[in-house]
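[1] Got a sequence here, can you build the structure:
(2 chains)
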Amino acid sequence: MRLSQSFTRTTHGVPADEQSRNAKLLIKAGYIHKEMAGVYVLLPLGLRVIEKIKQIVREEMNAIDGQELQMSSLQRKELWQKTDRWDDKEVDIWFKSKLRNGSEVGLAWSHEEPIVDMLKNFISSYRDLPVYVYQFQTKLRNEIRAKSGILRTREFIMKDMYSLSRTADEHEAFYQRAIEAYHKVFKRIGIDDKTFFTFASGGAFTQFSHEFQTLLASGEDTVYLDEIKKRAINAEVMSDEVASSLSLDKAKLEKVTVAEVGNIFNFGTTKAEQLGLQFSDKAGQKQPVFLGSYGIGITRLMGVVAELFADDKGLVWPEAVAPYQVHLIALSGSQAKKSAEALYDQLTTAGVEVIYDDRGDSAGKMFADADLLGAPIRLVVSEKSLAAGGYEIKHRKQETAKIVPVDSIVDILRR
RNA sequence: CGGGGAGUAGCGCAGUCUGGUAGCGCACCGCGUUUGGGACGCGGGGGUCGCAGGUUCAAAUCCUGUCUCCCCGACCA
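    All right, here's what the predicted structure looks like:
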């Protein structure tokens, strides 16, 4: 990608009303644009980060037999009435609208009801189960107050997975696989060492639901953490009894601020019973399906990562989610320009993701922008580097640069 | 929804008290000089002053209404 052709640009200032660190960084660097309170546009760079995160999640969900699909955003009122979640008194974040014929439709804030109902068309026998489906979807929620940049918005992308199992045991086995898959996702993204399995309020069916909470000063949740055991208890359910029931020593728990990046829970058979999702067992008897739900906040993850990996100069993306791996700068000088052009073609052809700063701005401006955009590796081509025998390479996380020979650059970057 | 703050160029702001040609910085355009850490000179373009109504010879400024945004709280993937 040539910066000279990019329609986005970096800025010094950000809107005064934007307070959160993640949104300030992402807006300054041109990753997102604020459309209105709690609603952000994903600009090309931001979209690439989102796609990187989605791909990691997709691979791990596929690895535990998830089947990807995409539900609709317009939803039927009748479905939500069956589970008593249509009324604004029950769910206060609904956006609703009407069809031309006057009938009401809901704008998707969740997809549990529709996905369960849809699956009724395909699930009829124990032979059809278990099934694991998931999607990446835009959720629309009429939040009372959006805040914390892209951490709490009215429109956001979420991965939601649903497990349909025949028995409680079968459900539990998958639940454990999902927990492992979640840790793999967070590990690949680079935040697993700061992300903790957390016990939170359950429902009618189970005592607890489980959250994946990432240590973050600007997070919105509070948990009590045992960093050795890597377990936490959400403040909303914290008590002596809960701590001891989980074999955690209350005295050793540390109260910390976190951001919720994942949430999984067990519906038991209640949702299936309400919506009539049943299967015939071996004896021909109708049985309700055991349902589990597994969410990951995709856009929120981008905000968490942006905030966690940044310094006073800008973003410092982990390789796995960086929009581009290399930031190539051509400094002034006809030979440097020529070499940089050739290098850009060479790397792009080799499949290396490159941001190429071919704008010819002042060196300081280009260096500052490279730091702000946060690609893991910076390459500089200048008369000076060429005279020294090649290109200058510097990692975003490091202070020092070194010269690599022209011949070996592609091999070094491909790894 | 309670408390607080703010709407003037893409962004950041001054001007409002005391009505009288709508300004500054960044960004943008042109020319030239620059180019290893956010360069400089000269010249330029860009505004229904959130919206509606009222007072007045005259409203960004005064009055009334209204909309929106932000922060704190409660709530929440």
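[2] Return the set of residues that bridge with A:T195.
    Here A:T195 shows beta-bridge partners A:T214, assigned using DSSP bridges.
[3] Just list the residues touching A:R9, thanks.
    A:G30 (C-beta atoms under 8 Å, 6 or more residues apart in numbering). Backbone N, C-alpha and C define where each C-beta goes, glycine included.
[4] could you point out the longest strand in chain A?
    Ranked by residue count and defined by DSSP state E, the top strand of chain A is strand A:254-268.
[5] Enumerate the positions of the next helix or strand along the chain from that one that are buried.
    On the C-terminal side of strand A:254-268, the closest following helix or strand by DSSP states H and E is helix A:270-275. For helix A:270-275, burial by neighbour count (16 or more other C-beta atoms under 10 Å) applies to A:T270, A:K271, A:A272, A:Q274, A:L275.
[6] just stretch A:363-370 next, same as before
    Here stretch A:363-370 shows A:M366, A:F367, A:A368, A:D369, A:A370 as buried, counting by 16+ other C-beta under 10 Å.
[7] Over to stretch A:383-393?
    For stretch A:383-393, burial by neighbour count (16+ other C-beta under 10 Å) applies to A:S385, A:L386, A:G390, A:Y391, A:E392, A:I393.
[8] With distance to RNA strand B and secondary structure as extra columns, can I get the residues you listed in TSV?
    Shown next, in TSV, are the buried residues of stretch A:383-393 (distance: C-beta to the nearest atom of the strand, whole Å; DSSP: H, G, I helix; E, B strand; the rest coil):
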residue	distance to RNA strand B	secondary structure
A:S385	4	helix
A:L386	8	helix
A:G390	10	strand
A:Y391	8	strand
A:E392	5	strand
A:I393	10	strand
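[9] contacts with RNA strand B among the buried residues of stretch A:363-370, please.
    Filtering the buried residues of stretch A:363-370 for neighbours of RNA strand B using C-beta under 7 Å from any atom of the strand leaves A:F367, A:A368, A:D369, A:A370.
[10] what's the third one in contact with, if anything?
    Listed by C-beta under 8 Å, 6+ apart, the contact set of A:D369 reads A:L3, A:T10, A:D357.
[11] Surely it is within a helix?
    Yes - A:D369 forms part of a helix when assessed by DSSP: H, G, I helix; E, B strand; the rest coil.
[12] Can you check the pLDDT for it?
    Looking at A:D369, its pLDDT stands at 96.
[13] Next one: it relative to A:R300, how far apart?
    26 Å (C-beta to C-beta, to the nearest Å).
[14] mean confidence for the helix ranked longest in chain A?
    Longest among the helix segments of chain A by residue count, using DSSP state H, is helix A:168-189. Helix A:168-189 shows a mean pLDDT of 97 in the predicted model.
[15] Buried ones in that helix, by neighbour count?
    In helix A:168-189, counting by 16+ other C-beta under 10 Å, buried: A:171, A:174-175, A:178-179, A:181-186, A:188-189.
[16] Is it in proximity to RNA strand B?
    No - using C-beta under 7 Å from any atom of the strand, helix A:168-189 never reaches RNA strand B; the gap is at least 12.6 Å.
[17] again with stretch A:124-141
    Yes - using C-beta under 7 Å from any atom of the strand, stretch A:124-141 reaches RNA strand B at A:R141.
[18] Within the helices and strands, which one has A:V410?
    A:V410 belongs to helix A:409-414, assigned by DSSP H and E.
[19] got the domain boundaries for chain A?
    Per automatic domain parsing, the structural domains of chain A span A:3-309, A:326-414.
[20] Now do the end-to-end distance for the last one.
    According to C-alpha to C-alpha, to the nearest Å, domain A:326-414 extends 11 Å from its N-terminal end residue to its C-terminal end residue.
[21] just the helices in the stretch 201-350 of chain A please.
    A:240-245, A:270-275, A:298-308, A:334-349 (DSSP state H, counting those that start in this stretch).
[22] average pLDDT across the helix holding A:V410?
    pLDDT averaged over helix A:409-414 gives 89.
[23] other SSEs contacting it?
    Counting contacts by 3 or more C-beta pairs under 8 Å, 6 or more residues apart in numbering; DSSP states H and E, helix A:409-414 is packed against helix A:334-349, strand A:390-395.
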